[in-house]
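Visitor: could you work out the structure for the sequence below:
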Amino acid sequence: MSTDPAIVTHVSTAFIRGVQAAGVAATAKHFPGHHHIPLDPAENEAASVTGDAGSFETGFGPFEDAIANGVEAMMVGPALVEAFDKCNPASLSPNVINLLRGRFGFRGLVVSDGLDAPATSKGRSISDVSVDGLKAGCDLVLLAAGDHLDHVVESIFQAVERGDLEEMRLAEAASRVRAVASKYSRTRSAL
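Guide: Next up is the predicted model:
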């Protein structure tokens, strides 16, 4: 879109307001930003966003404005962002999601990026990565279609039964997903 945060903010907030007024929930992405990412996380397991925490400050403006303009969902990125979490890619990082919820006060739906991205999964099973995304604070995990979906659901239930995933965390995620789905099913039927 642009490297100028003011242009990104202008275009993205207009888009958010427009699509949500038309009955479609908007999603801003990729929090906390990809200001410098030499490798493609969809193709390379080693992809990471470089720079210290201060280097993200300029890029936070469009996210703040998206939140101020009522964006329903925020997608966290697929790559490691060492400035905020040296171990977990953004979609699996409690640190990144806590930054979004805490500093930025985002109360909407947190969506993972595609969990099958090599930089996110790092060779692990999609079921394990899905559980980790929910544990980190994602409300909705993005998965490719396929015959693995039943196994993912079963793994989530097993994680709750083992105590690896708190039932309240899963209930909170489900509640947020239902709230957005309900809001926009009513909005679309009113159009």
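Visitor: over to Asn69: give its phi and psi.
Guide: Main-chain torsions, Asn69, degrees, to the nearest 10: phi -90, psi 10.
Visitor: how much space separates Leu92 from Gly77?
Guide: 10 Å (CB to CB, to the nearest Å). All C-beta atoms are positioned from the backbone trio N, CA, C, and that covers glycine.
Visitor: ok, now Ser125?
Guide: For Ser125, the distance to Gly77 - CB to CB - is 21 Å.
Visitor: which of those two has more residues huddled nearby?
Guide: Applying other CB atoms under 10 Å to Ser125 and Gly77 shows that Gly77 carries more neighbours, namely 26 against 13.
Visitor: test my guess that that one contacts His35.
Guide: No. Checked against CB atoms under 8 Å, the pair Gly77 and His35 is beyond contact range at 11.2 Å.
Visitor: what touches both of these two?
Guide: Taking CB atoms under 8 Å, 6 or more residues apart in numbering as the criterion, Gly77 and His35 both touch Val49.
Visitor: packing partners for the biggest helix by length in the chain?
Guide: The residue-count maximum for a helix in the chain (DSSP state H) belongs to helix 167-190. Packed against helix 167-190 by the contact rule (3 or more CB pairs under 8 Å, 6 or more residues apart in numbering; DSSP states H and E) you find strand 109-114, helix 126-136, strand 140-142, helix 149-162.
Visitor: just the CA atoms of the following helix or strand past the first one, as PDB, please.
Guide: Toward the C-terminal end, the helix or strand that comes next after strand 109-114 (DSSP states H and E) is helix 118-121. Provided in PDB are the C-alpha atoms of helix 118-121 (Å, rounded to 0.1, in the frame of the first residue of the first chain):
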ATOM      1  CA  PRO A 118       6.600 -22.500   7.700                       C
ATOM      2  CA  ALA A 119       7.700 -19.500   9.900                       C
ATOM      3  CA  THR A 120       4.800 -20.200  12.200                       C
ATOM      4  CA  SER A 121       4.600 -24.000  12.300                       C
END
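Visitor: now helix 118-121, how far from the chain's geometric center?
Guide: 14 Å (CA atoms, centre = their mean, to the nearest Å).
Visitor: repeat that for stretch 19-38.
Guide: That offset, for stretch 19-38, works out to 9 Å (CA atoms, centre = their mean).
Visitor: buried stuff in it?
Guide: 20, 25-34, 37 (16 or more other CB atoms under 10 Å).
Visitor: that'll do, ta.
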